[in-house]
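Novice: Quick check, what structure comes out for this input:
(one chain, ligands or ions: 1)
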Amino acid sequence: MTSQRQWWHSSTIYQIYPRSFCDSGSKGHGDIKGITSRLDYLKQLGIGTVWLCPIYRSPQIDNGYDISDYYQIEPAYGTMADFDELLRRCHSLGLRLIMDIVINHTSTEHPWFQKALKEPDSPERDFYIWQEGIDGKPPTNWQSKFGGSAWQYDEASKQYYLHLFAKEQADLNWENPKLREQVCDVMRFWAKKGVDGFRLDVINLISKDQRFPQETESGPQQDGRRFYTDGPRVHEFLQEANREVFTPFKLMTVGEMSSTTLEQCQRYSDPDSHELSMVFNFHHLKVDYPGGDKWQLAQCDLISLKAIFAHWQQGLHNVGWNALFWCNHDQPRIVSRFGCDGPHRVFSAKMLGTALHMMQGTPFIYQGEEIGMTNPKFKHLEQYQDVETHNIYRLKQSQGTCHQDLMAVIGDRSRDNSRTPMQWDETPNAGFTRGTPWLDVAENFPEINVKRALEDPDSVFYHYQKLIQLRRDYPIITEGDYQDLCPEDPKSWCYLRQYQEQKLLVINNFSANPIDWQLPQSLPQTGWQLVCANYPGSPEPSSAMTLRPYESLVFLNNGEK
Ligand code: TEU
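Specialist: From the prediction side, this is the model:
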């Protein structure tokens, strides 16, 4: 890699899910004006960049990941003037703004798809992926990520179109150069407005194997994905987009990579490849999926989690660039998942933040994570709104799983766990809206909310603020290498970062019990300075220490003799 540091190497990014962030009125869902009204709060947290989930016009089947017009703002969220004002306010506060762009598919309400459907001879027909069925069955046995076949039959033309997600999200045909031009035009439009970059939705799925083979293997991950994940022309397509848009407009880009590999991500994010700035991968968020199945319950396997981070930290060091994240709008809340959302909530939320933020990469904070928001533990199926949750419920129920078991697994795994409204204060609806919220607010909002967090110097908020500041203050966090000090320990996660003469030691107790811990003989026994902790009065590291439940300690050693 040609190492040249860019602003995003040391920036921390905050993800906003507009529907659930802040309603400036009484509509019941968030809007752009609501976001603008909260920028001072984000500035106080210390983040450098905002990632805005889709705010384009959309029928909202998948909350905006089904775009019907890339050039318009969704009216429910406001107007283009509201967006321009948001961007201006971000920049005037010294915050950057990156947009989420969904270009693997469009809504079936997009005029391109409507034309493709109604005028099969139009050029737009080939903007999508159409195939003949085989003996009255879909062209392949590929499965949609949201359950069921990935193909939808069109009676009029007697052909099927591909949808890797909901049937209302038709996959675009990137083989068509005219379509690629249109996509570049869309990105150029937003770049010209002055946005600072893009988060590219499922970008490693854009190139499909044109032979459209059948899946012949079985298992939860054997759903046809190997024929379109990191597909044959994906690097070529990204290099083209980079040449046309990303480089000319100096954009930062983060690609969402579904079921990818380290080798692929080295290519995507190596500056010499001229593709993307960085990558999200999800391997660390599958350590509680038994056999790769999201819809089966299991605990976090810490040994596997550490092995995955070591693989990615070392594999991208001096090669490409990682995005670091625990949470997003598709994942359950991390404190409920790998921490404790009961008595140890605050300690475990801080520990998880520290474990992640002290690694190499660009950290992403998902709204509410910085105050330790939890899964809502909904009791009724009707409380869930997510298209995936309802599809899976229907599918599993038809296969014989009982309601109670389904509610347990959805309670842990539904994407709505992270989509409940942001908890601002203790007033009705947590201060999120003056109307009826589109998704219920978690019942714990009187205790867990921004107002209380800001009043409490020991809150998760101030710990995250500190983590963000440490990244600014200590280049070792951005630059250092990574070594796991106890990969086989099932309860603690301790790693060492080294940069020039400096060492950063990060010690985390991942359990609710005290554990003994020893400073390895191979490390200096003195000279450690505490830079971050989640309990008061923390000692120097030593050969015999007891770590308290979910304790987390970070020490710096400047290597002075
Ligand atoms: O998600 C891609 C994706 O594959 C997952 O995170 C997905 O939600 C999960 O595998 C389902 O179990 C992106 C967006 O982040 C998500 O919100 C969209 O629904 C999806 O793409 C389609 O655009």
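
Novice: Could you measure from the nearest residue to Lys208 once chain neighbours are set aside over to Asn104?
Specialist: Nearest non-adjacent residue to Lys208, counting by Cβ to Cβ, 6 or more residues apart in numbering: Tyr228, 4.4 Å away. The way it works is simple: take the backbone N, C-alpha and C, and place the C-beta from them, glycine included. According to Cβ to Cβ, to the nearest Å, Tyr228 and Asn104 sit 9 Å apart.

Novice: Give me the common contacts of those two.
Specialist: Taking Cβ atoms under 8 Å, 6 or more residues apart in numbering as the contact rule, Tyr228 and Asn104 both touch 164, 205.

Novice: Could you find the closest non-adjacent residue to Phe21?
Specialist: The shortest distance from Phe21 to any non-neighbouring residue, by Cβ to Cβ, 6+ apart, is to Gly30 (4.3 Å).

Novice: How far off centre is the longest helix along the chain?
Specialist: Ranked by number of residues, the top helix in the chain under DSSP state H is helix 177-193. For helix 177-193, the separation from the chain centroid amounts to 24 Å (computed by Cα atoms, centre = their mean, to the nearest Å).

Novice: now the helices for the stretch 1-150 of the chain?
Specialist: With DSSP state H, counting those that start in this stretch as the definition, the stretch 1-150 of the chain shows helices at residue ranges 32-37, 39-45, 80-92, 111-118.

Novice: Can you check which of those gets nearest to the ligand?
Specialist: Minimum separation from the ligand across those (Cβ to the nearest ligand atom) falls at helix 111-118, 14.9 Å.

Novice: just the CA coordinates of that closest one, formatted as CSV?
Specialist: C-alpha atoms of helix 111-118 as CSV (Å, rounded to 0.1, in the frame of the first residue of the first chain):
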residue,chain,number,x,y,z
PRO,A,111,-39.2,4.8,-13.0
TRP,A,112,-36.4,2.6,-14.6
PHE,A,113,-38.1,-0.5,-13.2
GLN,A,114,-41.5,0.6,-14.1
LYS,A,115,-40.4,1.2,-17.7
ALA,A,116,-38.6,-2.1,-17.7
LEU,A,117,-41.8,-3.8,-16.6
LYS,A,118,-44.3,-2.0,-18.8
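
Novice: Now do it: which elements does it pack against?
Specialist: Using 3 or more Cβ pairs under 8 Å, 6 or more residues apart in numbering; DSSP states H and E, the elements in contact with helix 111-118 are strand 105-107.

Novice: So is the strand it packs on next to the ligand?
Specialist: No: if you take Cβ under 6 Å from any ligand atom as the test, strand 105-107 misses the ligand, and the best it gets is 6.6 Å.

Novice: quick one: the helix or strand that contains Ala349 to chain centroid distance?
Specialist: In this assignment (DSSP states H and E), Ala349 forms part of helix 345-357. Chain-centre distance of helix 345-357: 17 Å, with Cα atoms, centre = their mean.

Novice: re earlier: looks like the residue nearest to Phe21 contacts Arg38 (just checking).
Specialist: No: using Cβ atoms under 8 Å, Gly30 is not in contact with Arg38; the gap is 9.8 Å.

Novice: what sits in contact with each of these two?
Specialist: Going by Cβ under 8 Å, 6+ apart, residues that sit against Gly30 and also against Arg38 are 21-22.

Novice: circling back: burial of the residue nearest to Phe21, as a residue count?
Specialist: Neighbour count of Gly30, defined by other Cβ atoms under 10 Å: 28.

Novice: Against Leu470, how distant is it?
Specialist: From Gly30 to Leu470 the distance is 30 Å (Cβ to Cβ).

Novice: same question, Val245
Specialist: Distance, Val245 to Leu470, using Cβ to Cβ: 34 Å.

Novice: which residues in the stretch 351-500 of the chain form strands?
Specialist: In the stretch 351-500 of the chain, the strands defined using DSSP state E, counting those that start in this stretch lie at 362-366, 481-484, 492-499.

Novice: pull the CA atoms of the helix or strand following the last one into CSV?
Specialist: On the C-terminal side of strand 492-499, the nearest following helix or strand under DSSP H and E is strand 502-509. Listed in CSV are the C-alpha atoms of strand 502-509, where the atom choice follows Å, rounded to 0.1, in the frame of the first residue of the first chain:
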residue,chain,number,x,y,z
GLN,A,502,5.6,2.9,22.0
LYS,A,503,3.4,0.1,23.3
LEU,A,504,-0.4,0.3,24.0
LEU,A,505,-1.7,-2.4,26.2
VAL,A,506,-5.5,-3.0,26.1
ILE,A,507,-7.0,-5.3,28.7
ASN,A,508,-10.7,-6.3,28.8
ASN,A,509,-12.6,-8.6,31.0
